[in-house]
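S.K.: Give me the fold of what follows.
(one chain, ligands or ions: 2)
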Amino acid sequence: MNAIELTNVSKIYKIRSDKRDSIYEHMSKINKRRSSKEIVALDDISLSVKMGEMVGIIGHNGSGKTTLLKIITQITSPTKGKILINGRVIPFLQLGSGFQGEFNAIDNIRMHGVILGLKKKEIESKIEEVLRYSELERFAYIPVKHYSTGMFVRLAFATAIQVEPDILVLDEVLAVGDLSFQKKSYQTFLSLRGNGKTIVYVSHNLSEVEKLCDKVALLNDGRLEAFGESKEVISKYKDIIESSINDKDIWIVEKITEFYKTMLGREPDKAGLVDFVLKIKSGKLAIEDVPEIIKNSQEYSEKTPF
Ligand SMILES: Nc1ncnc2c1ncn2[C@@H]1O[C@H](COP(=O)(O)OP(=O)(O)OP(=O)(O)O)[C@@H](O)[C@H]1O
Ligand SMILES: [Mg+2]
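M.R.: Ligands and ions are numbered 1, 2, ... in the order given. Sure, this is the predicted structure:
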């Protein structure tokens, strides 16, 4: 049985702008036209996700990933096409977006439960479990605005999984947690999947997507470029990226290769390299952060035992 079914779904955003075409029009302030520009965020997408599947969504910045999640969670409706959802969807798009900074963890967990329509007793029984899972017992009474990003994510994730959703929708959220929390959330993913939950996961971390997901959807400019077996789709994406790495990016490649050689004594593999270049190009990561990331890797800690 399918948990999610999209049929010919398109999403078009209209943006209004004042537009003058020529310099003359601009200078004489004549012919000021109110025009509206259309952005096709999703273009005729059809795909279905079976119950219990974990599906990754990958693609360039602006390719439509978040929009697709918003359609699935019904935060926004499609301009065209049909969607069908079987089960309770928990959107986890923006981390703890409902959390109030002034409130402490316990009050935020309570409020979240109320919003989701849980009974008071149910909520109270979850509080301890959320604090334990997120390892925030010691910080339970501190307003969450004083939390670090990682602590905030842990609380948001622990809260979201407590309501036992049928379908869990995640938009690249766990990357901010530290290594031990990433491991833990990875385990949670596996057990949620084992319990027959459906998971849709947007991420730029291709090696993680490949490890975790049964299937992958590749979006390109709002179109579904490929949907199928993770390995195949990811390798197709890498080919696309590689052909888009141009001469201007060679210095990034060289710099990363140098870090790998000095710190790990080897060249980076293609997956790692493409991951880094993509993140640096999109401004999600600075080249200066790369050594720090390598330092946090298992491989590095094995090479340098203390
Ligand atoms: N509310 C909105 N109004 C107008 N345009 C939007 C809106 N939301 C998204 N878009 C546009 O739709 C396109 C797809 O955006 P979307 O956020 O889905 O991309 P994405 O794949 O999630 O990108 P990223 O990797 O940067 O998170 C982009 O061109 C974006 O500018
Ligand atoms: Mg996005």
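
S.K.: Run through who's touching stretch 297-306.
M.R.: Outside stretch 297-306, the residues within contact range by C-beta atoms under 8 Å, 6 or more residues apart in numbering are 263-265, 294. No exception for glycine: its C-beta is placed from N, CA and C like everyone else's.

S.K.: Show me which residues of the stretch 101-250 of the chain are close to ligand 2?
M.R.: By the rule C-beta under 5 Å from the ion, no part of the stretch 101-250 of the chain lies against ligand 2.

S.K.: Quick check, pLDDT for the closest residue to ligand 2 within the stretch 101-250 of the chain.
M.R.: Using C-beta to the ion, the point where the stretch 101-250 of the chain gets nearest to ligand 2 is residue 171, with a distance of 6.0 Å. Here, the pLDDT recorded for residue 171 equals 82.

S.K.: what about it, how many neighbours?
M.R.: Counted by other C-beta atoms under 10 Å, the residues lying close to residue 171 total 20.

S.K.: give me phi/psi at it?
M.R.: Main-chain dihedrals, residue 171, degrees, to the nearest 10: phi -110, psi 90.

S.K.: you'd agree it is up against residue 204?
M.R.: No. Contact between residue 171 and residue 204 fails when scored by C-beta atoms under 8 Å: they sit 10.7 Å apart.

S.K.: so where do the helices sit in the protein?
M.R.: 23-28, 65-72, 105-115, 120-134, 149-162, 179-194, 206-212, 230-244, 250-264, 270-281, 290-295, 298-303 (DSSP state H).

S.K.: Make a markdown table from the ones you listed and add mean pLDDT and mean neighbour count to it.
M.R.: Below are these laid out as a markdown table (pLDDT from 0 to 100; neighbours: other C-beta atoms under 10 Å):
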| stretch | mean pLDDT | mean neighbour count |
| --- | --- | --- |
| helix 23-28 | 64 | 11 |
| helix 65-72 | 93 | 23 |
| helix 105-115 | 90 | 19 |
| helix 120-134 | 92 | 16 |
| helix 149-162 | 85 | 22 |
| helix 179-194 | 81 | 15 |
| helix 206-212 | 88 | 18 |
| helix 230-244 | 88 | 16 |
| helix 250-264 | 93 | 15 |
| helix 270-281 | 79 | 19 |
| helix 290-295 | 90 | 15 |
| helix 298-303 | 84 | 11 |
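
S.K.: re the thing from before, next, give me the two most distant ones among the contacts of stretch 297-306.
M.R.: Maximum pairwise distance in these, criterion C-beta to C-beta, is 11.4 Å, between 265 and 294.

S.K.: Tell me how far the closest residue to ligand 2 within the chain lies from residue 169.
M.R.: Proximity of the chain to ligand 2 (C-beta to the ion) peaks at residue 66, 3.2 Å away. Going from residue 66 to residue 169 by C-beta to C-beta, to the nearest Å gives 10 Å.

S.K.: for the helices of the chain, which one sits closest to residue 39?
M.R.: Of all these, helix 65-72 comes closest under C-beta to C-beta, at 9.7 Å.

S.K.: Just the CA trace of stretch 114-128, in PDB.
M.R.: Output of stretch 114-128 as PDB, limited to C-alpha atoms (Å, rounded to 0.1, in the frame of the first residue of the first chain):
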ATOM      1  CA  VAL A 114      -1.300  20.400  23.000                       C
ATOM      2  CA  ILE A 115      -0.900  21.600  19.400                       C
ATOM      3  CA  LEU A 116      -0.800  18.000  18.200                       C
ATOM      4  CA  GLY A 117      -4.000  17.300  20.100                       C
ATOM      5  CA  LEU A 118      -2.500  14.900  22.600                       C
ATOM      6  CA  LYS A 119      -4.200  14.300  26.000                       C
ATOM      7  CA  LYS A 120      -2.700  15.800  29.100                       C
ATOM      8  CA  LYS A 121      -1.800  12.500  30.500                       C
ATOM      9  CA  GLU A 122      -0.100  11.400  27.300                       C
ATOM     10  CA  ILE A 123       1.900  14.600  27.200                       C
ATOM     11  CA  GLU A 124       3.100  14.200  30.800                       C
ATOM     12  CA  SER A 125       4.300  10.700  30.200                       C
ATOM     13  CA  LYS A 126       6.300  11.800  27.200                       C
ATOM     14  CA  ILE A 127       8.200  14.600  28.900                       C
ATOM     15  CA  GLU A 128      10.600  12.300  30.700                       C
END
